[in-house]
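A.B. asks: Sequence unavailable; structure follows:
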């Protein structure tokens, strides 16, 4: 029962909290750059403004264009329900292991890339092609690095992996975990389109990836995409925190108080990581687009070495 | 020795040192700035020292710990210091154009790691202890060092490739045997120091004569 409650709770926390996370990250950036900032609730205010606008689609676009935003948001919500963030005993855990989670994330990205192609504009095609370049290295890295952690546990279920780490917290200090953590952190940054892979706050045609794909969206559709992107960022940061620092996460049979503690722990961990990420971005420049595959190939190598190490050092 | 370690802790510390050893080796392949490469080499020296000290305190062998300290002083202290001096004198900050580009060489490193694991299996089967199980890591670094030596153009990065290979050979020696005699290790270390000193002088002379250390330009005879 507490598994169901926990899963519902984590979907609610992600759905409500992820725009706030984006707000916190923008605020941290603004303060570090010496600006006042718009406040942490600004992304919610933006979403409200966009939702009130009329739904409008460019001429010549078909169902692919209209289906992408709900699909992106839907996959993000399902992933938020599956991934162990508040509880390790999500009722969906049995049907959705790490392969399913990676596939769901990829489904959202591919839907958005197809929608960008559907618009037939130069920017859409360019953004889609760049997104696919990044995705081709990101998805295998996510798979392989979590797979490295799953070997120790003997199960590909994310819940079991996190439960094993909760039972033996010191097992995180091993070369397998360290290599996998670095690889997963890099691909999280790439997947969510942050600096140094992509810059979420620019519309410069030479550099944008994610923004180029969503350029033709307006109104409620754009709101849905912005919300889904924020959810993907929070889920991936939360997954990173759960896999390598699962402090305070609930098990199968815990009371209401423990679940509350887990929610608070999740919020604190994800906010801290988001603030750190934003602070890091202030000091970093975006990589040249042609150097991005280099970074991702490096993270893939680290993930592969993590798998190799989990076989041979253990 | 006064250090008491449980089995699990010994394995964990050993694996951690090996992981750091491997990671620094891979990062040398990744980074382009020569100063960063020298830093990474120094960090690898620290990891190697940790590896030997962990092995030494597990076997309660004071001589091994002292050898480890000596290795650390040479590879994490003296050699990086000499290379940094050569770097400051040289002025070329970056590995501009490796023969194999960085993204490809990272993928090649993945293949090399698999090769090392395949090759070291007979060695591991001889006596499957935690130390010998880490031999593939040392062999991977050996192959990566050789790859750096072959594909980089700057004299300094080739030197780091050579030193990576030597680090890996030392690590393999300590992992497979129960301690290398002090005299042998001293001989190897002095050889290494001499090689670096000679190469440093050579680099300076090369720059004085040709104005650069791009070794590929030295293939043809000039007037």
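C.D. replies: That came through fine. All values reported here derive from a predicted model rather than from experimental measurement.
A.B. asks: Residue B:187: neighbour count?
C.D. replies: 11 (other Cβ atoms under 10 Å in any protein chain shown). From N, CA and C alone the C-beta is placed, and that goes for glycine too.
A.B. asks: And it, how close does it get to residue B:207?
C.D. replies: According to Cβ to Cβ, to the nearest Å, residue B:187 and residue B:207 sit 31 Å apart.
A.B. asks: Give me the number of neighbouring residues for the residue of the stretch 101-250 of chain A found nearest chain B.
C.D. replies: Going by Cβ to the nearest Cβ, chain B is nearest to residue A:175 of the stretch 101-250 of chain A, at 2.5 Å. For residue A:175, the neighbour count with other Cβ under 10 Å is 25.
A.B. asks: same thing with residue A:49?
C.D. replies: Residue A:49, neighbours per other Cβ under 10 Å, totals 11.
A.B. asks: and it, what helix or strand is that in?
C.D. replies: helix A:42-51 (DSSP states H and E).
A.B. asks: Now tell me what touches that helix from outside.
C.D. replies: A:19-20, A:22-23, A:26, A:218-220, A:222-223, A:226-227, A:230 (Cβ atoms under 8 Å, 6 or more residues apart in numbering or on different chains).
A.B. asks: Phi first, then psi, for residue A:193.
C.D. replies: Backbone torsions of residue A:193, given as degrees, to the nearest 10, read phi 70, psi 40.
A.B. asks: from memory it sits against residue A:200, does it?
C.D. replies: Yes: contact criterion Cβ atoms under 8 Å: residue A:193 and residue A:200 qualify, at 5.7 Å.
A.B. asks: Report the set of residues contacting both of these two.
C.D. replies: With Cβ under 8 Å, 6+ apart, residue A:193 and residue A:200 have common neighbours residue A:210.
A.B. asks: Over to residue 136: give its phi and psi.
C.D. replies: You didn't pick a chain, so chain A it is. Torsion angles, degrees, to the nearest 10, at residue A:136: phi -60, psi -30.
A.B. asks: not quite, I wanted chain B
C.D. replies: Per degrees, to the nearest 10, the backbone of residue B:136 is at phi -50, psi -30.
A.B. asks: Next, count neighbours for it.
C.D. replies: 29.
A.B. asks: Please tell me how far it sits from residue B:174.
C.D. replies: Distance from residue B:136 to residue B:174, by Cβ to Cβ: 15 Å.
A.B. asks: mind checking how far the longest helix anywhere in chain B is from the chain centre?
C.D. replies: Secondary structure of chain B read by DSSP state H shows that its longest helix is helix B:182-210. In terms of Cα atoms, centre = their mean, to the nearest Å, the centre of helix B:182-210 is found 15 Å from the chain centre.
A.B. asks: other SSEs contacting that helix?
C.D. replies: helix B:62-72, helix B:79-90, helix B:155-176 (3 or more Cβ pairs under 8 Å, 6 or more residues apart in numbering or on different chains; DSSP states H and E).
A.B. asks: In CSV, list those helices along with distance to chain A and mean neighbour count.
C.D. replies: Compiled in CSV, the helices and strands packed on helix B:182-210 are given as follows (distance: least, Cβ to the nearest Cβ, whole Å; neighbours: other Cβ atoms under 10 Å in any protein chain shown):
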stretch, distance to chain A, mean neighbour count
helix B:62-72, 19, 19
helix B:79-90, 23, 17
helix B:155-176, 12, 23
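A.B. asks: So which of those helices is nearest residue A:92?
C.D. replies: helix B:155-176 (44.5 Å; Cβ to Cβ).
A.B. asks: looking only at pLDDT, what's the mean for the closest one?
C.D. replies: Mean pLDDT, computed over helix B:155-176, is 88.
A.B. asks: Please apply the same query to stretch B:93-110.
C.D. replies: 82.
A.B. asks: now stretch B:7-24
C.D. replies: 87.
A.B. asks: and that stretch, anywhere near chain A?
C.D. replies: Yes: applying Cβ under 8 Å from any Cβ of the partner chain, one finds that stretch B:7-24 is in contact with chain A at B:12, B:15, B:16, B:18, B:19, B:20, B:22, B:23.
A.B. asks: what separates that stretch from the chain centre, distance-wise?
C.D. replies: Taking mean C-alpha positions (Cα atoms, centre = their mean), stretch B:7-24 and its chain are 16 Å apart.
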